[in-house]
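Peer 1: any chance you could fold what I've pasted below:
(one chain, ligands or ions: 1)
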Amino acid sequence: MTALSEVPTPALILDLDRLERNLRRMGERASSLGVGLRPHIKTHKCLEIARMQRDLGCSGLTVSTLYEARVLAENGFDNLTWAFPVVLSRLDEANQISREVDLGLVLDSMEALRALEASGQPFRVWLKVDCGYHRAGVDPESPLARELARRLDDSSRLHFEGLLTHAGHAYKTESRDELELVAEEERSSLVRLAEALRDEGIEVPAVSVGSTPTMSVVEDLAGIDEMRPGNYVFYDLMQAHLGSCSADDCAVTVLASVISSQPGTEHCVIDAGALALSKDSLSVGDGDTTFGEVLETSPRTRPTTTAHVRSLSQEHGVVDSDLPVGTRVRVLPVHSCLTVACFDEYVVVRGDRVVDRWKVWRGR
Ligand SMILES: Cc1ncc(COP(=O)(O)O)c(C=O)c1O
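Peer 2: Residues are numbered from 1 along each chain as shown. Predicted coordinates:
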């Protein structure tokens, strides 16, 4: 068994105690709110974590790519939702996977509906609704929303699974009150549409919502059947900033080494650049941009005021502290989903002990 101090850098470190706690807590939240939990696995892309989620009783899993769906299907998972507007050039592949496991597809256009109908396959289909993010999804007040729902309900081939949304605009909120409002808007806009459709005689089997920020604060999910948070397994600097979690809940960090530190300068360079941390950034208290917070250094060279990664190139990260070459640091990433997708494996730790290595299944 290796000690963390012996792990070559850069490495993606996963704190197993924190992961277990995050999984348990969101499971308890879903049960107490009376909804199923269908976690989005795009955050972790990891079979071991998907198994933990299944063992904790999740109702199914959400994926963002057909590759994720295929890996899960080949490893004994069933009941998957590909929560991404369906890619029409991949219908044959979606069909193959659908023959092996239950796979829900998502659409928000008449073009996609016609293509699915023309395929002649009995696809399971969710209607994607825009609850305020304005990225994808039909306007819940629009005639198109009603038209697509009616055509899905009437279809002799397709199975209408229900309404699905994702409140991505929660990431733009600046206070807990604002976040709670977005969570309520996510719920109420979908419930209103479901009621209107049911009043018109359209059967809406389920209503699915979910982002980590909204699901971490929501107190009422009346009318909702399932939640689909993904990032909650690890959280990150962005989530701590939004108030979805505390810094102590963040379960992945990037272990890096100082590789250059020039006399007379106030910065050093680490071996974790954009291809380790991603280019997602955050404005922090001092008005500056951070690409990651330096959580600890080893050996402890000085009591640090908080250090941050301030700029990135492909493999270099520039930290605003003049730490000596050879110092090892742990960086809390701004966006754990993108950070994880930069690595091939997790180094799984309990405290300072490496207890396992888990593959990150990257692909499209
Ligand atoms: C459609 C959909 N559902 C659920 C999620 C999970 O949200 P989060 O990453 O905030 O947990 C996402 C994330 O992008 C998404 O796009």
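Peer 1: from now on I want contacts and neighbour counts done on CA atoms only, so please keep to that.
Peer 2: Fine.
Peer 1: stretch 187-205 and the ligand in contact?
Peer 2: No - on the criterion C-alpha under 6 Å from any ligand atom, stretch 187-205 is out of touch with the ligand, staying 13.7 Å away.
Peer 1: ok, and the closest non-adjacent residue to residue 73?
Peer 2: residue 101 (6.5 Å; C-alpha to C-alpha, 6 or more residues apart in numbering).
Peer 1: ok, residue 204 touching residue 159?
Peer 2: No - using C-alpha atoms under 8 Å, residue 204 is not in contact with residue 159; the gap is 10.7 Å.
Peer 1: thinking again about what came up before, the residue nearest to residue 73 is in contact with residue 78, isn't it?
Peer 2: Yes - the pair residue 101 / residue 78 is scored as a contact, 5.2 Å apart, by C-alpha under 8 Å.
Peer 1: tell me the contacts of residue 291?
Peer 2: Counting by C-alpha atoms under 8 Å, 6 or more residues apart in numbering, residue 291 touches 277-282, 308-312, 333-334.
Peer 1: also residue 15?
Peer 2: Residue 15 makes contact with 251-252, 348-351 under the criterion C-alpha under 8 Å, 6+ apart.
Peer 1: next one: residue 292
Peer 2: Contacts for residue 292 (C-alpha under 8 Å, 6+ apart) come out as 237, 277, 281, 308-310, 331-334.
Peer 1: now do the contacts for residue 159.
Peer 2: 122-125, 152-153 are the contacts of residue 159 under C-alpha under 8 Å, 6+ apart.
Peer 1: what about those, which are in strands?
Peer 2: 124-125 (DSSP state E).
Peer 1: export the contacts of residue 159 as CSV, with columns for pLDDT and distance to residue 272.
Peer 2: Output for the contacts of residue 159, formatted as CSV (pLDDT from 0 to 100; distance: C-alpha to C-alpha, whole Å):
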residue, pLDDT, distance to residue 272
122, 96, 46
123, 98, 43
124, 98, 42
125, 98, 41
152, 98, 47
153, 98, 50
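Peer 1: which ones, among the contacts of residue 159, also lie beside the ligand?
Peer 2: Okay, of those, nothing touches the ligand (C-alpha under 6 Å from any ligand atom).
Peer 1: hang on, the earlier thing: the contacts of residue 292 in strands, which ones?
Peer 2: Secondary structure from DSSP E places 308-310, 331-333 of these in strands.
Peer 1: how about the residues you listed in a markdown table, adding pLDDT, distance to residue 7 and neighbour count?
Peer 2: Formatted as a markdown table, the ones in strands among the contacts of residue 292 follow (pLDDT from 0 to 100; distance: C-alpha to C-alpha, whole Å; neighbours: other C-alpha atoms under 10 Å):
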| residue | pLDDT | distance to residue 7 | neighbour count |
| --- | --- | --- | --- |
| 308 | 95 | 22 | 22 |
| 309 | 97 | 21 | 28 |
| 310 | 96 | 25 | 17 |
| 331 | 97 | 15 | 26 |
| 332 | 97 | 17 | 28 |
| 333 | 98 | 19 | 30 |
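Peer 1: what's the most distant pair in those?
Peer 2: 310 and 332 (13.0 Å; C-alpha to C-alpha).
Peer 1: what residues does the stretch 201-350 of the chain have near the ligand?
Peer 2: So the stretch 201-350 of the chain meets the ligand at 210-212, 228-232 (C-alpha under 6 Å from any ligand atom).
Peer 1: how long is stretch 271-291 end to end?
Peer 2: Taking C-alpha to C-alpha, to the nearest Å, the first and last residues of stretch 271-291 lie 14 Å apart.
Peer 1: stretch 29-41 too?
Peer 2: 18 Å.
Peer 1: can you pull out the strands in the stretch 201-350 of the chain?
Peer 2: Remark: strands assigned in the stretch 201-350 of the chain by DSSP state E, counting those that start in this stretch are 207-209, 226-227, 252-260, 268-270, 282-283, 289-290, 292-298, 307-312, 317-319, 328-333, 345-350.
Peer 1: lowest-confidence stretch among the ones you listed?
Peer 2: Note on those: lowest mean pLDDT is at strand 292-298, with a mean of 87.
Peer 1: what residues does the stretch 51-200 of the chain have near the ligand?
Peer 2: 83-84, 166.
Peer 1: let's see 8 Å
Peer 2: 62, 64, 83-84, 164-168, 171 (C-alpha under 8 Å from any ligand atom).
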